[in-house]
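Novice: got a sequence here, can you build the structure:
(chains A and B)
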Amino acid sequence: MKNIMKKITIVMLIGVVFSLTGLAQAAEKIYIPLLTYTTGPYAPGGIPLDQAFRDYFKYVNATGGVNGVELEWETCEYGYNTDRGVECYERIKKSKSGNMGVAVFPLSTGVTYALLPRTQADGMVLHSMGYGRTDASDGRVFSHVFTAPMTYWSQVTAITKYIGEQMGGMNNLKGKKIALVYHNSAYGKEPIKTLEVLAEKYGFKFLKYPVNHPGLEQKSTWLKIGRQTKPDFTIIFGWGVMTQTSIKEAKAIGYPVSKIIGNWWSASENDTRPAGSASVGYKAAGFHTIGKQYPLHAGIVDKVYGAGNGSGEKSVVGEVLYNRALVNGLIFTEAIRAAQKKYGNIAINGKQLAWGYEHVNLTEARLNELGLGGFMKPLKITCANHEGANSLLIHEWDGKNWVNPSKWYSPMYDVTRPMIEASAAAYAKEKGITPRSNCN
Amino acid sequence: MQAFLIDPFVMMYDAPLFFVEVLVSGLMSGVMYALVALGFVLIYKASGVFNFAQGAMVLFAALTFVGLWELGVNPWLSLILSALVMIGVAFSVERVVLRPLVNQDPIIFFMATIGITYFLDGFGQTIWGSEVRPLDIGIPNEPFMDFADWSGLYINKFDVFAAVVCSILVALLAGFFTKTKIGRALRAVADDHQAALSVGIPLKTIWTIVWSVAGIAGLAAGILWGSKLGVQFTLSLIAFKALPVLILGGFTSIPGAIIGGLIIGAGEKIAEVYWGEVMGGAIEDWFAYVVALIFLLFRPQGLFGEKIIERV
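Specialist: All right, here's what the predicted structure looks like:
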């Protein structure tokens, strides 16, 4: 009996040791719940984004993790459907091994709005990179939401600067017409207020043209633009099939495509290739450059695709949306590194990551170290400013490639920041949030 | 009130040429809607089934066509092979879905076609992928510039081509339904499955034929819409543009689909251009349904549909 008890005790001890080791191994990884949409009407946009996230995480792990800590992720397909996005978040916010996610990248303005309170409650960072909601840039109110490196409001101010320069100076905008063709959704409506403020400030006439989801039929919109109002420039806030249809209809009605500027979600090869020759001369914005000429891309091709571990077609590496997701991944891993400086080289949690995000400082030198010198402008995020300060450039489509990158245009933060603070203050009042007072 | 009741008409009077342009563009769009509506009409006319899967069939056919072409198959051969694939789909649908449901209520068939929709959407994307596939059939999407210079009217070359294709299809289908033995048998099946069987009309064959023809009409629609939008998942959503056309034109009339398409196309464009701004913009999608609903109130069978007479 004594022997049996002894054996049972030994077996139990071994079991405990193994479980503890397992837990330790699980806890050593930083877990990311990845929401993806690789099916449905917006799949062409979701596929390269998903591919780049996974490639980048694999690359990070293949090169020793983030200060030795590996990343782990699980994906959930939500078809760019807000309800399913929330369901996906709830389903995979914890990994199968029990790790709580540290950050989520919804890739949708609608899902971002829906996840605001949930991520707050779960202590998880919500990184809404280059989509809504813009006023979440005020870190005093939205402590766990980050909009870096730029927001829609900043984007339209920078695009307006570009248009002003094309007109020969901002003063020449007076009396001109700028139109916005937008996806009739929370996303598409984001820049309207800013453009109204800019129209008032510079004296141009602002024209609005909503397009319903998914944007298959836009003849009447472009008849009004091309034959009736004839704006000097037209900005497109589209997604999916909407953008290419806009380009084709503009061409069909004889409106010069070179006078159209797509926002950064209307700026991918998926928008221009299907429009064929109609899209030659089309211009679009981006907060990063295009192509795979950087050491980071070479590293991904070598370590990930070279090992037969790529997450999709190798030819997609360096395309617009692929590079967009790389920016997201890059800011995320830099935030982990920043947090590890304070908390040690451990698998940090969501709250520690939020602190890290508020101390991201991507200088030109650091971008060079990461193999992305010249890929984007330096970025510094602070406790109060979760957008950071960045710039965009305009590319032109030549029928095969994005060419002729413009100079970098910085946004009019003097216009957007007061709007962000006012909107965030209204949100705080509505939700009973006391803004953090210790933010600089 | 003035912006709603007077200004639009003043605008039409002040710029009559622009009004003609809006009208013509609307009619051309209507032709494209009618092309999709044709597939619905064919199946409803011959089997009394509202085929919810027509949009998915358009997508599947276009994906197959462009996929084969990308694999290096000659475009004309791709067209023939895609048509054969759609005939294969029709065989499978008849064997696996329709045959076991003979004599069931129409709602059961309708639910079955919802299942077919999701299957075809997923299956097509599994085989050919979800990326956008550009499709250039060589018809430029630009106005006839000489005509525009002469008249001031911008008429799009692609729209004219689509109208010609649609007219040819309608003529062929109308001839098929009225002049051929199979066409008459199709109409008999639609009236009553059992009665048709009792006089020796082979129900299975008829269903296979009509689904095949609808698949081939879907292929034509898919190629034309695919050249406009690129071949991608969104193509399956154009079915929603065909619904008001069907309600207006009648579910059983091929000419009705065309006339319905023209009325819906022109109506929604005129509404959007002249009344859109005062109503907040982007009204054309729901406006088409409002027009269809108004028609429903006065002619539930649509403009050209067969009058519903039920003896009690």
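Novice: state the pLDDT value of the residue of the stretch 51-200 of chain B found nearest chain A.
Specialist: In the stretch 51-200 of chain B, no residue comes nearer to chain A than B:S130, which is 3.7 Å away by CB to the nearest CB. Backbone N, C-alpha and C define where each C-beta goes, glycine included. Model confidence at B:S130, given as pLDDT, is 84.
Novice: same check, this time on A:T333
Specialist: In this prediction, A:T333 has a pLDDT value of 98.
Novice: tell me if the one helix or strand it maps to is near chain B.
Specialist: Assigning secondary structure by DSSP states H and E places A:T333 in helix A:320-343. No - applying CB under 8 Å from any CB of the partner chain, one finds helix A:320-343 separated from chain B by no less than 11.6 Å.
Novice: strands of chain B, start to end?
Specialist: Residue ranges of strands cannot be listed for chain B, since DSSP state E assigns none.
Novice: residues from the stretch 201-312 of chain B in reach of chain A?
Specialist: When proximity is defined by CB under 8 Å from any CB, the stretch 201-312 of chain B lies next to chain A at B:228-230, B:232-234, B:237-238, B:241, B:268-269, B:272-273, B:276, B:280-282, B:284-285.
Novice: before we move on, the earlier item: for A:T75, see how far away the nearest residue to the residue of the stretch 51-200 of chain B closest to chain A once chain neighbours are set aside is.
Specialist: By the measure of CB to CB, 6 or more residues apart in numbering or on different chains, the closest residue to B:S130 outside its immediate chain neighbours is A:A43, 3.7 Å from it. Distance, A:A43 to A:T75, by CB to CB, to the nearest Å: 14 Å.
Novice: picking up where we left off before, among the residues of the stretch 201-312 of chain B next to chain A, name the buried ones.
Specialist: Of all those considered here, the ones buried according to neighbour count by 16 or more other CB atoms under 10 Å in any protein chain shown are B:228-230, B:232-234, B:237-238, B:241, B:268-269, B:272-273, B:276, B:281-282, B:284-285.
Novice: among those, which lie within helices?
Specialist: In helices, judged by DSSP state H, the following of these are found: B:K228, B:L229, B:K241, B:E268, B:K269, B:E272, B:V273, B:E284, B:D285.
Novice: nearest to chain B within chain A, name that residue for me.
Specialist: Taking CB to the nearest CB as the measure, chain A has A:P274 as its residue closest to chain B, at 2.8 Å.
Novice: how about stretch A:72-84 and chain B, touching?
Specialist: No - residues of stretch A:72-84 contacting chain B under CB under 8 Å from any CB: none, with a closest distance of 9.6 Å.
Novice: start and end of that stretch, how far apart?
Specialist: One end of stretch A:72-84 to the other measures 22 Å (CA to CA, to the nearest Å).
Novice: please point out which parts of it sit buried.
Specialist: Taking 16+ other CB under 10 Å as the criterion, stretch A:72-84 shows A:E72, A:W73, A:E74, A:T75, A:C76, A:E77, A:Y78, A:G79, A:Y80, A:N81, A:T82, A:R84 as buried.
Novice: please apply the same query to stretch A:54-73.
Specialist: Buried positions in stretch A:54-73, judged by neighbour count with 16+ other CB under 10 Å: A:54-62, A:65-66, A:69-73.
Novice: so what are the domain limits for chain A?
Specialist: Domain ranges of chain A: A:30-150+A:291-389+A:419-431, A:153-286, per automatic domain parsing.
Novice: so of the ones you listed, which one's packed in deepest?
Specialist: domain A:153-286 (a mean of 22; mean count of other CB atoms under 10 Å in any protein chain shown).
Novice: let me know the average pLDDT across it.
Specialist: Rounded mean pLDDT across domain A:153-286 is 95.
Novice: which one of the ones in helices among the buried ones among the residues of the stretch 201-312 of chain B next to chain A sits closest to A:G175?
Specialist: Of all those, the one sitting nearest A:G175 is B:V273; the distance, using CB to CB, is 24.4 Å.
Novice: in this structure that closest one contacts A:S220, no?
Specialist: Yes - under the contact definition of CB atoms under 8 Å, B:V273 touches A:S220, with a separation of 5.0 Å.
Novice: circling back to that earlier point, which members of the buried residues of stretch A:54-73 are the farthest-apart pair?
Specialist: Distances among the buried residues of stretch A:54-73 were taken as CB to CB; the most separated pair is A:D55 and A:V69, at 18.8 Å.
Novice: so A:E74 touches A:T36, yeah?
Specialist: No - between A:E74 and A:T36 no contact is recorded; they are 10.4 Å apart, counting by CB under 8 Å.
Novice: now the helices: where do they sit in the stretch 101-250 of chain B?
Specialist: According to DSSP state H, counting those that start in this stretch, the stretch 101-250 of chain B carries its helices in the segments B:106-128, B:145-151, B:157-179, B:181-191, B:193-198, B:203-229, B:239-249.
Novice: quick check: pLDDT value at A:K2.
Specialist: Residue-level confidence at A:K2 comes out at 57, pLDDT.
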